[in-house]
Each structure stands twice: as C-alpha cells, then as structure tokens.
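Q: please work out how this folds:
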Amino acid sequence: MAFPLAPVAGIALRYGVVALAAYGVARRVGPARVDQRVEDAFDEVPEGIGASRAPDRGQVNAAGRMRRVIRLGRNGPGVEIDLAGLGRLRMRRQK
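A: Modelled structure (predicted):
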C-alpha cells in the first residue's frame, strides 16, 4: 500500500515555516537583563487574570498567571509550566 505523501508534505512544510520563523526571531532577540525585583513581582502574582483601574494615576493595570504540570504518563516525569504577565496602560494628556 502506497503512503500518501501530499498530507505529510503539507504538515512538514507548515512545521518548517514555523521553525524558520522561530529561528529568525531567536537570532534577532538580544540578551535581556534579569532583575530580582521583577522576578519577585512575578512570583507574587495570584493565579488567574485580574485588572484594576487607578483613576488618580490615569492608568489601568492587569496581571495574569497560569501554573500547570504536564506529565508523560500517569506517574511519569513532569514539567511545570508557570506563565505570569504584568501589564500597564498609562494615558496622559500633553499640553
């Protein structure tokens, strides 16, 4: 029985394009500095998404965090994924 190459080739082409784009981005991104204060702020973000508005400052703050453990098999090795993000939108009128 012949192996259909057309569907496999399309998927391989798609993954190749994604890999090439990731390689291009990785070449352009420079090293970032690590600030311990920022690391501590990320560790203090509660799980979930939240936003607040401070009218006296004229800004909106948002924070979000997601923590998950992915395991290979029932008792197999796992990887913990911890995504945290902070955001601020500040708008001021200029004279």
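
Q: switch to C-alpha atoms for all contacts and neighbour counts from now on
A: Will do.

Q: select the longest helix from the protein.
A: Identified as the longest helix of the chain according to DSSP state H is helix 5-28.

Q: any buried residues in the helix or strand that comes right after that one, and which?
A: For helix 5-28, the following helix or strand on the C-terminal side (DSSP states H and E) is helix 36-44. Residues Phe42 are the ones in helix 36-44 that count as buried (16 or more other CA atoms under 10 Å).

Q: what packs against helix 36-44?
A: In this structure, helix 36-44 packs against strand 78-90, with contacts taken as 3 or more CA pairs under 8 Å, 6 or more residues apart in numbering; DSSP states H and E.

Q: pLDDT averaged over the strand it packs on - what is it?
A: Averaging pLDDT along strand 78-90 gives 91.

Q: name the residues that touch that strand?
A: For strand 78-90, contacts defined as CA atoms under 8 Å, 6 or more residues apart in numbering pick out 42, 45, 58-72.

Q: switch to 10 Å and redo it
A: Residues outside strand 78-90 that contact it (CA atoms under 10 Å, 6 or more residues apart in numbering) are 38, 41-54, 57-72.

Q: partner strands of it and their direction?
A: According to DSSP bridges, strand 78-90 has the following sheet partners: strand 59-71 (antiparallel).

Q: check which residues of the partner strand are buried.
A: Applying 16+ other CA under 10 Å to strand 59-71 flags Ala63, Gly64, Arg65 as buried.

Q: give the contact list for Ala51.
A: Val60, Asn61, Ala62, Ala63, Gly64, Leu86, Gly87, Arg88.

Q: restricting to C-alpha, output the helix or strand hosting it in CSV.
A: Using DSSP H and E, Ala51 sits in strand 48-54. What follows is strand 48-54, C-alpha atoms only, in CSV (Å, rounded to 0.1, in the frame of the first residue of the first chain):
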residue,chain,number,x,y,z
GLY,A,48,-6.0,33.8,37.3
ILE,A,49,-6.5,37.1,35.5
GLY,A,50,-7.2,40.5,37.1
ALA,A,51,-7.3,44.1,36.2
SER,A,52,-7.7,47.3,38.1
ARG,A,53,-8.1,51.0,37.3
ALA,A,54,-6.4,53.8,39.3
